[in-house]
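**Q** Got a predicted model here, sequence first, then my questions.
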Amino acid sequence: MKTPLFLLSDFGYSDGYVAQMKAVILSFSGYDTPVIDITHSVLPGNILHGAYHLRSTLPRLPEGSVTLAVVDPGVGSSRFGLAALWRGRFVVAPDNGLISMLSGSMKIWKLPDPEPGSAPTFHGRDVFAPAAARLALDPGWTAFLTPLEHPVLLEEPRAVPGESSLTTVVLHVDNFGNCVTSITEDDLNGFVPSEVITDSGSTSVVPVNYYSQGAGSHGAVFLRGSQGFYEIAVPGASAAEKLGLNPGDTVSLHGN
Amino acid sequence: MKTPLFLLSDFGYSDGYVAQMKAVILSFSGYDTPVIDITHSVLPGNILHGAYHLRSTLPRLPEGSVTLAVVDPGVGSSRFGLAALWRGRFVVAPDNGLISMLSGSMKIWKLPDPEPGSAPTFHGRDVFAPAAARLALDPGWTAFLTPLEHPVLLEEPRAVPGESSLTTVVLHVDNFGNCVTSITEDDLNGFVPSEVITDSGSTSVVPVNYYSQGAGSHGAVFLRGSQGFYEIAVPGASAAEKLGLNPGDTVSLHGN
Amino acid sequence: MKTPLFLLSDFGYSDGYVAQMKAVILSFSGYDTPVIDITHSVLPGNILHGAYHLRSTLPRLPEGSVTLAVVDPGVGSSRFGLAALWRGRFVVAPDNGLISMLSGSMKIWKLPDPEPGSAPTFHGRDVFAPAAARLALDPGWTAFLTPLEHPVLLEEPRAVPGESSLTTVVLHVDNFGNCVTSITEDDLNGFVPSEVITDSGSTSVVPVNYYSQGAGSHGAVFLRGSQGFYEIAVPGASAAEKLGLNPGDTVSLHGN
C-alpha cells in the first residue's frame, strides 16, 4: 500500500501556495504519493482552530499516513519544526501548539533547520513539505532526528461543569452552521441540556440523535457529532447564524 | 484503466468531511483509486441544486465511473441509500431525490443498512463512501443488492411555454454569475427571446453563440451553455448580480 | 517519472467545470496522470491576475510538467489557443496575454482549431484540456503544431522609480491579506521604504525578513515574499483591509 499524505493549513484556496507544497512533496516520489487535502480553510493564523481540525480528522486517517499541518503565524522566527508520531500516524508541523489537542502519548522529533535559500515566509513549502515527503517515503528517517522533549502546548479548551450546567467553547462552525463544542462523551456524564445561553440570549435545546430529528422544535438540537465532539445545531438552518456564534465563543448549556 | 470515483456534496471546503470520505474510499484500494471532486459547494441541504450538478456533470464522466453524491438533509433518518446505474455510470446517493434529473432508464439498488458504530450524522463517510469504493473495485457487487423499485423523485423543474413566452427556473448561478436556466434545446423550439422579466424588473436580451458576442448590447445575452441548458449572461459582468437572480428563482423570457 | 499536469483558472470551486476538464485530461492516460490544482480563484476574467499566478507558481513546478491555464473572457471568439515552452515547462492557454509575465525566451505554438461539436463557451474542456493531456503524454506533439510568431502580450506591470520613491501595482492579495507588489529584487536597488501611500492615506512601513518580525510597529512591513515579489503586510492582520488595497491598485513607497 502507498503511504498517503494529508494536508491541513490556513493557506486558503486562492493562492498557489498549496500547489507549490504539493509540487515539492510529489517530486520526492516521482509524483506517486497520494496527496489529500483535509482543508486549507483554517482561520488565518488561528492555531487552536487548526488544532481542532487536526484532532477531529487524524483518528480517521489510516495508520502509517503522514499529515502535514501548517498554521504558522511565527513563520520565519526561530521556533522549531517538528515531526510527531500519534497512534501510528505521523504529523509534521511547526512547534507552536498545533498538536495541542492530540492527547495521550506521542513521540516527537525536531526537524532540521531551514536550508540556505529557503524563503523565510514559506516554511510550509521549503521546510515542512520536504520533511513530510521524506517521512512518507521512509518512516525510519526519524532515527536521524533529535527528540523534542518539550513541545509548545496550548491550553486545550475543556468543558467546565457547573451545578446544573456545562460551559464550553465553540471549536468550529462547519459548512452547515453546526457549532462543534469542546464537549466529549466523558464530559457529559448524564447531563441533559434544555437551554443554550450565549452572549446574545438564550435558546431552548433538545438532545437528539440526528439533525432532522428535532425539526419543528423551534429551537436548537444537541447531538453527538461525527467528529468526536457534541454539536449545537438547528435543523435545516445555520445554528451559528441563529445563535450568533463564532469559533472561540463561550456557550453555557443549562439543564439537569 | 483504473475506475475513477467522482465526489459531489454540499460539505463545502472548510471542514475535514471530504477528506474523511476520501480516506475511507482510498483505503479500499490501497490508495490507488483516482478520486476527483466535482464540487462540494452545492447549496447546503438543497437537493434540487445537487440534482442539477449531478445532471450537468455526469454525462461528461467516463462510462464505468462511480459518482458519490451526498446532499442529505435527512441524514440519520431511515431513508435508504441507493446505487443507480445511468448510461453506464454508477451513482451512489441517499434516496431523497438527488437522482431526479437523471431522466431515462436507470437500474437502482438499495444499499445495505448502516453498520453498528456508524455516525448517524455522517452517512457520507460511514455508509455511502464504503459502498462507492466497493462499486469502484467490483461493479458486480450490485448482484448482491436488492433492487429499489420506487426511488424518491422530486418534480423536475421544466420550462413552461406561454403564448409568446417561456417561463423557467434558475437551476444554478455559476462562478461568473451566469444564470443556468432549465431550458434545453427541445424546450426552445424556435422561440427567440428579446426580454427577460424577473421579480425586480425587465431587461433586454439577445441570443448569441458565446459570451463576449453580445458585449455592448447594454443588456443580457441568451445562449446554449456548456452544461446542456440555456444560460442568461451579461458579458464581462455577473448576470445574477445585474438581474438580482438566485438559484430557484423564476424568470420569464418574452419574445416571438 | 510521471508527467504532472497543473491547473490554473478563474472557474472557482462551485461548479463542475474543473472536474469536467479533469475527466477529459485523465481519460487520455487511463486516469494515470497526476493532476494538481494551482488555484481556480483567479479573479473572473482578469487576465493579468491570472498572469501573476502563472508567473509566481510556474518556476516552482518541475521541468517537463504541463500547466493548463484558462482565464478566457473571449471564449468562443476566434482568438487562438497556444502551447508555450518556458524554462522546460509547458503551458497551454488561450492567446490573450495570460503568458505576458513569463519573461525571457519562449517557444510558442498554435493549438488546432476547436473540433466540431465543441461548446463555444467552454474551450477549457473542449480545446485546451485535450491539448494539455496530449502534451503530457507526448511532448513531441509540438512538432506537428504551427509556431505562433506574435502572441498577444499585455503590458507587464513594472515598478516605477521616482526621486525617493517606488510606485508599484498590487498584483495579488493573498489569503492572509498580504499585498503582493510588482517589485522584484532588481527594482529595489538599495531603496529603503519608510512610508506607504495609497488612495486612502499613508502608513509607516518597515523592512523586515519575515512577517512577525515587525509586530508592534503600529504599521505595515515590507518584505521579500515567497513568490518572487516584495509584499506589503501587517503582522497578525490583513494589510489589504488595513490599507484598503485590492488587486490592480497603485501604491507608492517613499523612503530614501
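**A** Everything's here; your move.

**Q** Find the closest residue to chain C in chain A.
**A** Closest residue of chain A to chain C, Cβ to the nearest Cβ: residue A:76 (2.2 Å). In this view, the C-beta of every residue, glycine as well, is placed from N, C-alpha and C.

**Q** How about the contacts made by that residue?
**A** Each residue near residue A:76 by Cβ atoms under 8 Å, 6 or more residues apart in numbering or on different chains is listed here: A:120, A:121, A:123, C:209, C:210, C:211, C:212, C:213.

**Q** Pull the contacting residues for the last one.
**A** Right, the one you point to is residue C:213. A:76, A:77, C:221, C:223, C:235.

**Q** Closest to chain B out of those residues?
**A** Chain B lies nearest to residue C:235 out of the contacts of residue C:213, by Cβ to the nearest Cβ, at 24.4 Å.

**Q** Go ahead and flag the most central residue of chain A.
**A** By Cα atoms, centre = their mean, chain A has its centre lying nearest to residue A:53, at 1.8 Å.

**Q** if we can go back for a sec, need the phi and psi values for the residue of chain A closest to chain C.
**A** As for residue A:76, its main-chain torsions (degrees, to the nearest 10) stand at phi 100, psi -30.

**Q** Give me the pLDDT value at it.
**A** If you check residue A:76, the pLDDT there is 90.

**Q** Then residue A:122?
**A** The model reports residue A:122 with a pLDDT of 95.

**Q** Over in the stretch 151-256 of chain A, which residue gets nearest chain B? Let me know.
**A** Chain B sits closest to residue A:210 of the stretch 151-256 of chain A, with a gap of 2.2 Å, by Cβ to the nearest Cβ.

**Q** shouldn't that residue be in contact with residue B:118?
**A** No - using Cβ atoms under 8 Å, residue A:210 is not in contact with residue B:118, being 11.0 Å away.

**Q** Would you list the strands that the lengthiest strand in chain A pairs with, along with their directions?
**A** Ranked by residue count under DSSP state E, the longest strand found in chain A is strand A:165-173. For strand A:165-173, the paired strands and their directions (DSSP bridges) are strand A:160-161 (antiparallel), strand A:179-181 (antiparallel), strand A:250-255 (antiparallel).

**Q** Output those strands as TSV; include the columns mean neighbour count, mean pLDDT and distance to residue A:241.
**A** Compiled in TSV, the strands paired with strand A:165-173 are given as follows (neighbours: other Cβ atoms under 10 Å in any protein chain shown; pLDDT from 0 to 100; distance: least, Cβ to Cβ, whole Å):
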stretch	mean neighbour count	mean pLDDT	distance to residue A:241
strand A:160-161	14	95	26
strand A:179-181	27	98	10
strand A:250-255	18	96	15
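
**Q** Compare those and give me the one nearest residue B:25.
**A** strand A:179-181 (23.5 Å; Cβ to Cβ).

**Q** Name the next helix or strand downstream of the closest one, please.
**A** Next helix or strand after strand A:179-181 toward the C-terminus (DSSP states H and E): helix A:185-188.

**Q** That next one and chain B in contact?
**A** No - counting by Cβ under 8 Å from any Cβ of the partner chain, chain B has no neighbours in helix A:185-188; the shortest distance is 12.8 Å.

**Q** again, but for stretch A:99-114
**A** No - where contact is defined by Cβ under 8 Å from any Cβ, no part of stretch A:99-114 touches chain B; the two come within 13.2 Å at best.

**Q** What's the mean pLDDT across stretch A:133-149?
**A** On average, stretch A:133-149 scores 97.

**Q** Just the residues contacting that stretch, thanks.
**A** Stretch A:133-149 has contacts (Cβ under 8 Å, 6+ apart) with A:3-5, A:24-29, A:33, A:64, A:66, A:80, A:82-83, A:85, A:90, A:92, A:95, A:107-112.

**Q** Let's see that with 7 Å instead.
**A** By Cβ atoms under 7 Å, 6 or more residues apart in numbering or on different chains, the surrounding residues in contact with stretch A:133-149 are A:3, A:5, A:24-25, A:28-29, A:33, A:66, A:80, A:82-83, A:90, A:92, A:95, A:108-110.
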